[in-house]
Every structure is written in C-alpha cells, then in structure tokens.
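>>> Just need the structure, nothing else, for what follows:
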Amino acid sequence: MINKQSKKHHYLPRHYLRGFTNDDGSFYAYDKINDKVFLTNPDNTFFENDLNTVTTPKGDRSVFVEDQYTNIENVCWPSLDKIRESNTKKAVSYSDKEFLYLFLLFQYWRLPINIPAVEEISETAFTRSNPVDYFQIKNKNGESVPKKIIEHIRGSDAFKKTFRLMLPFAPLLKDKEWGEKINRWRFYYTQNDKPSYLVGDSPILRKNSNQDPVDILGDFLFPVSGKILLINITPIPIKDLPPEFIIQYNTAMIHCAHRFVVCHDEELLKALVSYYKIYVTNKKTDEIIDEMFGILS
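Sure, this is the predicted structure:
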C-alpha cells in the first residue's frame with residue numbers, strides 16, 4: 001500500500017523553493033495558462049499527483065522513483081544551503097559545486113516538460129547507439145537477452161519512469177571534462193541582499209535546445225535562490241551584471257515556463273508579466289533568450 005503522503009510528487013523540491021519565499025514562507029505564483037497571479041507556498045506548487053508512481057509487472061504500485069529523488073536531494077541539500085549562505089566575500093567550494101551539479105542533472109530530467117525527451121531517448125535503451133549505453137541487460141549467465149524481452153522492458157511504465165534516474169549519470173560517466181567545466185561557474189548576488197530572481201517550472205535556462213544527455217548543461221543560468229544566480233557560459237563574464245539583465249532574465253524565466261513562475265513580491269511579478277506580454281503582443285518571444293545571453297557576452 002502506498003503512503004498517502006507520497007501521492008503529491010514535487011518536481012521542484014520544496015526545500016529548493018523555500019529560497020524564493022517571503023519571511024512568512026509564501027510567494028506569489030503566475031499561472032500562464034489562466035493568466036492570473038495568486039498567493040501560495042512551496043507545499044502547494046510545482047507538483048503532480050503520482051508523477052513518479054510506477055506500476056510493476058505484477059500490477060502493484062510503487063513510489064521507489066520518488067524515494068530515490070528524495071535520497072538524492074538529501075545528499076545535495078547541505079551544499080545547496082552552504083551556497084545560499086555564500087556571498088562575494090565567502091566563496092563557494094568546489095565540493096559544493098559538485099553536489100549542486102548532481103542536483104541539477106537530476107532536476108533537469110525529472111521536470112514534466114522534459115518527460116517526452118526522456119521517453120524518446122529510452123526507446124533505444126540497452127543498445128550501443130544510446131547515450132546511456134553504460135547500462136546493459138544480461139541474463140544470469142552473462143549472455144544477451146532476446147530483443148523481445150528488451151522491447152517489453154522498454155515499453156513498461158516502470159522503466160520509462162526509472163529511466164529518469166538513469167539519464168543524469170550520462171555526463172558523470174561519459175564526459176571526462178565535467179569536473180573542469182564546473183570551475184567556470186560564477187555566482188552572482190543581488191545588491192543589498194534583496195531577492196530579485198524568479199523561478200519557474202523550467203528553471204534551467206539554456207542557450208541551446210539540444211537534448212544530448214552528455215552535454216545537457218552547456219551554457220545555462222539557474223537561480224539558486226531569489227538572491228543568487230548561477231551563470232555558466234563561455235567566455236566567463238568578467239563584469240558586473242547591468243541592471244537591465246535582471247529584467248531580461250526574469251522575462252526569460254516567464255517565457256520558458258510551461259505554466260507557473262513564482263516571486264516573493266506580487267507587484268514585481270505583475271510588472272514582469274506585463275513586460276513579458278509586450279514580447280507576446282509583438283510576436284518577439286523567440287528573441288528573449290538570445291537577448292538575455294547577449295547581455296552577458
């Protein structure tokens with residue numbers, strides 16, 4: 001029997017979302033589909049019922065995928081908390097960057113907006129042509145199993161959801177330079193320690209739209225909290241961020257969101273939504289990401 005508490009599966013963890021709340025633990029959300037702003041909190045946003053519930057071959061229901069996400073999160077939270085306590089005079093350690101990288105890899109592939117890509121890649125699982133060919137199926141004698149069995153496994157609900165836990169290891173196992181790449185990371189802090197960054201249901205803003213699991217985190221931006229932004233681009237920005245960048249970043253976050261974005265301040269959120277709608281009205285939303293990265297170059 002499934003514990004009732006495991007039905008509500010957050011694809012953006014509540015511990016992460018608390019970095020964007022007010023002092024009372026709430027924030028304001030914008031619903032792009034219904035075009036409305038409302039007050040809510042981390043418990044009641046960015047989740048889907050039974051998102052990670054799987055049906056086993058025997059017909060039983062299991063939340064082992066959700067449990068694994070919880071395990072990964074618990075390993076990463078100490079480093080995330082340390083990074084959130086950092087500032088311009090208190091540097092982020094390499095070890096904490098490693099754990100944040102691990103969190104980002106799992107975070108990307110668990111997002112509902114990326115599930116279609118996961119399922120497409122899973123269709124070639126257990127073949128040498130697949131980017132996650134570090135997983136193979138053998139029988140108890142170490143021999144290959146019939147193609148029909150492999151196809152049956154790939155087509156199962158349990159495998160498709162479990163595959164979200166397999167994809168994040170691709171860079172760690174197949175990119176020999178991943179450790180060097182995180183040295184390029186830079187953390188930018190808002191002035192006067194005032195929260196300014198939004199977060200949405202697609203929080204990793206990428207320059208390219210490729211879905212290569214080995215290189216999924218190329219040039220990208222990620223809000224660690226409402227006050228801290230992680231920027232990973234080449235070349236590394238060496239100048240302070242201009243004031244207009246924050247507006248462009250937040251506009252990009254609204255644009256990339258499938259449905260929800262949140263902010264600590266209602267009036268700020270409404271103003272940013274109004275600015276985004278100018279792009280929509282003028283049919284120039286496809287320019288938002290390029291303009292944001294252009295400011296950084």
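>>> mind checking the SS state of Tyr188?
Three-state secondary structure (criterion: DSSP: H, G, I helix; E, B strand; the rest coil) places Tyr188 in strand.
>>> surely it meets Leu229?
Yes: Tyr188 lies in contact with Leu229 (CB atoms under 8 Å); the separation is 4.7 Å. The way it works is simple: take the backbone N, C-alpha and C, and place the C-beta from them, glycine included.
>>> and Leu198, what does it touch?
Leu198 makes contact with Phe20, Pro223, Gly226, Asn250, Met253, Ile254, Val261, Val262, Cys263, Leu269, Leu272 under the criterion CB atoms under 8 Å, 6 or more residues apart in numbering.
>>> Can you read off the backbone torsions of the first one?
Note on Phe20: its backbone torsions stand at phi -120, psi 10 [degrees, to the nearest 10].
>>> What is the neighbour count of it?
Burial of Phe20, expressed as a neighbour count using other CB atoms under 10 Å, amounts to 21.
>>> List the residues that contact it.
Neighbours of Phe20 in contact, by CB under 8 Å, 6+ apart: Phe27, Pro195, Tyr197, Leu198, Val199, Pro223, Ser225, Gly226, Val262, Cys263, His264.
>>> hang on, the earlier thing: of Tyr188 and Leu229, which one has the most company?
It is Leu229, of Tyr188 and Leu229, that has more neighbours when counted by other CB under 10 Å, with 22 against 19.
>>> Report the rounded mean pLDDT for the helix or strand harbouring that one.
With elements delineated by DSSP states H and E, Leu229 resides in strand 228-232, which encompasses its position. Per-residue pLDDT values over strand 228-232 give a mean of 96.
>>> which is the next helix or strand following it?
That would be, after strand 228-232 and using DSSP H and E, helix 243-256.
>>> which residues touch that next one?
30, 32, 190, 196-200, 202-203, 205, 221, 223, 229, 261, 272-273, 275-276, 279, 285, 288-289, 291-292, 295-296.
>>> And the strands in this structure, which stretches?
8-10, 27-31, 36-40, 47-49, 54-55, 61-62, 186-189, 199-200, 205-206, 220-223, 228-232, 260-263 (DSSP state E).
>>> what about the fourth one, distance to the chain center?
Here the centre of strand 47-49 is set off from its chain's centre by 16 Å, with CA atoms, centre = their mean, to the nearest Å.
>>> which stretches of the stretch 1-150 of the chain have low pLDDT?
Segments of the stretch 1-150 of the chain classed as low confidence (criterion: pLDDT under 70) are 1-5.
>>> Now the top helix by length along the chain: buried residues?
When secondary structure is assigned using DSSP state H, the longest helix within the chain turns out to be helix 64-84. Neighbour-count burial for helix 64-84, with 16 or more other CB atoms under 10 Å as criterion, is recorded at Val65, Glu66, Tyr69, Ile72, Glu73, Cys76, Ser79, Leu80, Lys82, Ile83.
>>> If we only consider those, which is nearest to Tyr11?
Tyr69 (8.9 Å; CB to CB).
>>> returning to that earlier point: which of the strands of the chain sits closest to Phe135?
strand 54-55 (17.3 Å).
>>> what's the neighbour count on Trp185?
Neighbours around Trp185, by other CB under 10 Å: 18.
>>> okay, now the closest residue to it other than its chain neighbours: neighbour count?
Counting by CB to CB, 6 or more residues apart in numbering, Trp185 lies nearest to Asn232, which is 5.2 Å off, once chain neighbours are set aside. Burial of Asn232, expressed as a neighbour count using other CB under 10 Å, amounts to 20.
>>> For Asn232, which residues are in contact?
By CB under 8 Å, 6+ apart, the residues touching Asn232 are Lys181, Ile182, Arg184, Trp185, Arg186, Leu217, Gly218, Asp219, Phe220, Leu221.
>>> Check the burial of the residue lying closest to the second one once chain neighbours are set aside by counting its neighbours.
Just to be clear, that refers to Ile182. Distance criterion CB to CB, 6+ apart; nearest residue to Ile182, sequence neighbours excluded, is Lys97 at 4.7 Å. When neighbours are counted by other CB under 10 Å, Lys97 registers 18.
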